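*Asks:* Here's a sequence, model it:
(chains A and B)
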Amino acid sequence: MTLETFAFWILAAYTLFAAYFVVTARNLFRCAVGLAAALIGIAGLYLLMEATFLSSIQVAVYVGGVVVLVVFAVLMVEDVTQKEFLRSPLSRCLLASVVAELLLAIIAGTMLSQGFGAHRPPHASADVRVIGHALLSTGPGGFVLPFEVISLVLVAALVGAITVAGKPGDDYEKPEED
Amino acid sequence: MHPGLEHYLILSALIFSFGVYGMLTRRNLVAMLLCVELVLNAAALNFVAFHRFLFEGDPAGTVFPILIIAVAAAEAAVALAIVIALFRHRRNLDVRAADTLRG
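*Replies:* Residues are numbered from 1 along each chain as shown, chains lettered A, B, ... in the order given. I've put the predicted structure just below:
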């Protein structure tokens, strides 16, 4: 058993446990912490696949950005000391678990029946230089259009978030009347 | 046994089904958002696994997870803005309470 195999199983178990915690925890704040743990586990799996740049982005943007945003929102809207929030009835939980297991069976069956080859040796992962060239290249295999579109999406999301979350009526400073 | 492509694919399918289960059972808006993040991450993990084991380090396999992370960030910003607006009106995050537009 090599170190890589050992690290994979540890990370996989850790990530699955954290994901299970996200789905079942009864306190919203604990859900958010569980999500941070799951995302760090996935970043570790990226690292194991030598996707170092992606791993650092995952930690910086996801754990450092999205989860912190979620935690702020939770603190603003929910009484964290309140222990539990509403759960679905048991029948709905059972139905949902059947649906999820069915999906899992379909996906896993499809993946395994393709015969991707378990003994295929891994290739070197794309490094930062290759990713940067791919992101800004206009030729074949270039991603400059998605790159530009995603920047527009981010701007639109920012403006939309401010518009939706802002109080109605304080769009601008009203001039003082003397 | 050395971890191969199948191991990563099955792991990501498991994370995906956890996320789907959470989306179906959670009734709190923020908790549902967290489950969506799990599903997005499972997809990104698939991209990286294929990139490493099947497509010889094609940069598309790392570019798409970056785009997924950006979309997830935008989604989180908008969804949390909606959460705050909803909470301001209803003092409640139960998704079943917010069905005014229901036909």
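*Asks:* longest helix of the chain?
*Replies:* Going with chain A. helix A:90-113 (DSSP state H).
*Asks:* The intended chain is chain B.
*Replies:* Longest helix in chain B, counting by DSSP H: helix B:60-90.
*Asks:* Do you know the pLDDT at residue 1?
*Replies:* Picking chain A for this. pLDDT, A:Met1: 68.
*Asks:* switch to chain B, that's the one I care about
*Replies:* So B:Met1 comes in at 64 (pLDDT).
*Asks:* that older thread, quick one: mean pLDDT for the longest helix of chain A?
*Replies:* 89.
*Asks:* same question, stretch A:151-167
*Replies:* 90.
*Asks:* Mind listing residues that contact that stretch?
*Replies:* B:70-71, B:73-75, B:77-78, B:80-82, B:84-85, B:88 (CB atoms under 8 Å, 6 or more residues apart in numbering or on different chains). (Glycine included, C-beta is placed from N, CA and C.)
*Asks:* most neighbours, which of the residues you listed?
*Replies:* B:Leu80 (24 neighbours; other CB atoms under 10 Å in any protein chain shown).
*Asks:* List phi and psi for the most centrally placed residue in chain B.
*Replies:* Centroid-nearest residue in chain B: B:Glu37, 2.7 Å away (criterion: CA atoms, centre = their mean). Here is the backbone geometry of B:Glu37 (degrees, to the nearest 10): phi -60, psi -40.
*Asks:* so how far is chain A from B:Gly22?
*Replies:* 4 Å (CB to the nearest CB, to the nearest Å).
*Asks:* Check B:Arg27 too.
*Replies:* 5 Å.
*Asks:* so where is chain B shaky, pLDDT-wise?
*Replies:* Applying pLDDT under 70 to chain B flags residues B:1, B:101-103.
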